[in-house]
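Undergrad: build me a model from this:
(one chain, ligands or ions: 2)
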Amino acid sequence: MSDVTTTYKVRFEPVGIEMDVEEGETVLDAAFRQGIALMHGCKEGQCGSCKSRVLSGDVEMLKYSTFALPDYERETEHVLLCKMHAFSDIEVELLNFDEELLSHAIAVKSFDARLSKVTALTHDIRLLEIELDKPMKFFAGQYVDLTLPEAGITRAFSMANAPVEGTHLSFIIKKYPNGAFSSQLDGALQPGAVLTAKGPYGTCYRRENRSGPMLLIGGGSGMSPLWSMLSDHVQSGDQRPVRFFYGARTRADLFMLDEIKAMTAALPDFEFIPALSHATPDDQWDGETGFIHEVVQRRLRTEPLAGVIDAYACGPVPMIDAVLPVLQMANVEPDHIYFDKFTPATR
Ligand SMILES: Cc1cc2nc3c(=O)[nH]c(=O)nc-3n(C[C@H](O)[C@H](O)[C@H](O)COP(=O)(O)OP(=O)(O)OC[C@H]3O[C@@H](n4cnc5c(N)ncnc54)[C@H](O)[C@@H]3O)c2cc1C
Ligand code: FES
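TA: Numbering: from 1, shown residues only. Ligands and ions are numbered 1, 2, ... in the order given. Here you go, the predicted structure:
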């Protein structure tokens, strides 16, 4: 029996980039291996970020969500690169690509890691800190796949720290009652526990050296990548207006308020805009209320920002789905809207 791996050529249009893909490997994984940063989100056929069109060649799709790729799109040769195998040389048209990103990739690698600390930030939000065996390079806003090898569970988590700390990574994680990964953060996982981290992944990272306003929009554990981006922005010395919209249900779901205040005290034009969707009388809340997309819409209408806006939105899928049209209606350029949907893992 031969153990020679069959390899095919993939050519991406309109950018003219070529790479190899091995039989049994998805096109997106082949790109990660070769340091080519294609647009992607969940890597699990759930979000549609990697949607492209096959121009020629034989391909097959693994199981994916028809929300990400409806049947009528599949019929017109649209594909999800995270769920596609090639069976010949192929040509693919990238529908979504970012020239800056394609030339800016950090190759994905695996790291051994140990848990160093878990801290409760609210009743259901935890700060997980881990130590890698070697430093990892990443851009603020990116994520890794964390695996608990004994339990065989892998989940995506966005780094909360700025990318300067070498082997130290932290993550802000929401606990789900029966969450295979997150429910282990209150006891089952102790300091010293072994994990692996694979990454960095993700295209929703802070774009540097821009002068227009920056919008950070999130809810729940969406704080994780936004805090990383905000920390990185402060450290970079870039000067630009920043509006940080953060949605929570009640006052008890807000956290890191003092840290945000301290971190941004020296920024010349910064506003943190927390909003409560389910404020109770006990909250004695006189700030913004409603869902965060409503608050973004209201604010952009009543206090328009001058200049080319970059908007970063991270968090639960319904929140992102509600925010994106608001940004489009407010004339934020589509290629200046960056987002990460925290899609649940497929089981
Ligand atoms: C690109 C990306 C980045 C992410 N970054 C983060 C992050 O920084 N912090 C973070 O907390 N999470 C993040 N997630 C989500 C994370 O990967 C897990 O899906 C989440 O932690 C739940 O995993 P679990 O094993 O605890 O729950 P699971 O065992 O997978 O699910 C258990 C139950 O919990 C509920 N549930 C799980 N996930 C969700 C969800 N997203 N929305 C609604 N209900 C859900 C469902 O009822 C599900 O049946 C990210 C996801 C993606 C794709
Ligand atoms: S559907 Fe491919 S990255 Fe989400």
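
Undergrad: what helix or strand does the residue in the stretch 201-347 of the chain that ligand 2 sits nearest to sit in?
TA: Relative to ligand 2, the nearest point of the stretch 201-347 of the chain is residue 343 (7.2 Å; CB to the nearest ligand atom). C-betas here are computed from N, CA, C, even on glycine. For residue 343, there is no helix or strand it lies in under DSSP states H and E.

Undergrad: and residue 294, by the same measure?
TA: Per DSSP H and E, residue 294 falls inside helix 292-302.

Undergrad: residues contacting that helix, please?
TA: Residues from elsewhere that reach helix 292-302, judged by CB atoms under 8 Å, 6 or more residues apart in numbering: 215, 217-219, 243, 245-247, 273, 275, 277, 288, 319, 322-323, 326-327, 329-330.

Undergrad: 6 Å instead, please
TA: The set of residues external to helix 292-302 that reach it, using CB atoms under 6 Å, 6 or more residues apart in numbering, is 219, 245, 247, 275, 288, 322-323, 326, 330.

Undergrad: can you add distance to residue 124 and pLDDT and give these back as CSV?
TA: Shown next, in CSV, are those (distance: CB to CB, whole Å; pLDDT from 0 to 100):
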residue, distance to residue 124, pLDDT
219, 13, 95
245, 21, 98
247, 15, 97
275, 18, 97
288, 22, 96
322, 21, 97
323, 22, 97
326, 26, 97
330, 31, 93
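
Undergrad: just the ones of those in helices?
TA: 322-323, 326 (DSSP state H).

Undergrad: just checking, what packs against the following helix or strand past the helix holding residue 294?
TA: As assigned by DSSP H and E, the chain's next helix or strand after helix 292-302 is strand 310-315. Where contact means 3 or more CB pairs under 6 Å, 6 or more residues apart in numbering; DSSP states H and E, strand 310-315 is packed against strand 214-219, helix 317-329, strand 337-341.

Undergrad: the second one - contacts with which helices or strands?
TA: Going back to what we said before, that points to helix 317-329. helix 292-302, strand 310-315, strand 337-341.

Undergrad: I'd like to know which of those is closest to ligand 1.
TA: That would be strand 337-341 among those, by CB to the nearest ligand atom, at 4.7 Å.

Undergrad: what secondary structure does the residue of the stretch 51-200 of the chain found nearest ligand 2 sit in?
TA: Nearest residue of the stretch 51-200 of the chain to ligand 2: residue 82, at 3.3 Å (CB to the nearest ligand atom). Under DSSP: H, G, I helix; E, B strand; the rest coil, the three-state class of residue 82 is helix.

Undergrad: quick one: the spatially closest residue to residue 174 that is not a sequence neighbour and residue 237, what's the gap?
TA: Of all residues not flanking residue 174 in the chain, residue 221 sits nearest, at 4.0 Å (CB to CB, 6 or more residues apart in numbering). From residue 221 across to residue 237, the span is 28 Å (CB to CB, to the nearest Å).

Undergrad: one more: residue 339?
TA: Counting by CB to CB, the separation of residue 339 from residue 237 is 26 Å.

Undergrad: comparing those two, which residue is more hemmed in?
TA: residue 339 (23 against 6; other CB atoms under 10 Å).

Undergrad: if you drop the residues flanking it in sequence, what lies closest to that one?
TA: Leaving aside its chain neighbours, residue 339 sits nearest to residue 313 (4.3 Å; criterion: CB to CB, 6+ apart).

Undergrad: can you list the residues of the stretch 101-250 of the chain near ligand 1?
TA: Neighbours of ligand 1 within the stretch 101-250 of the chain, by CB under 6 Å from any ligand atom: 143, 155-158, 171-174, 176, 178-182, 202, 221, 224.

Undergrad: among those residues, which are located in strands?
TA: 143, 155-158, 171-174 (DSSP state E).
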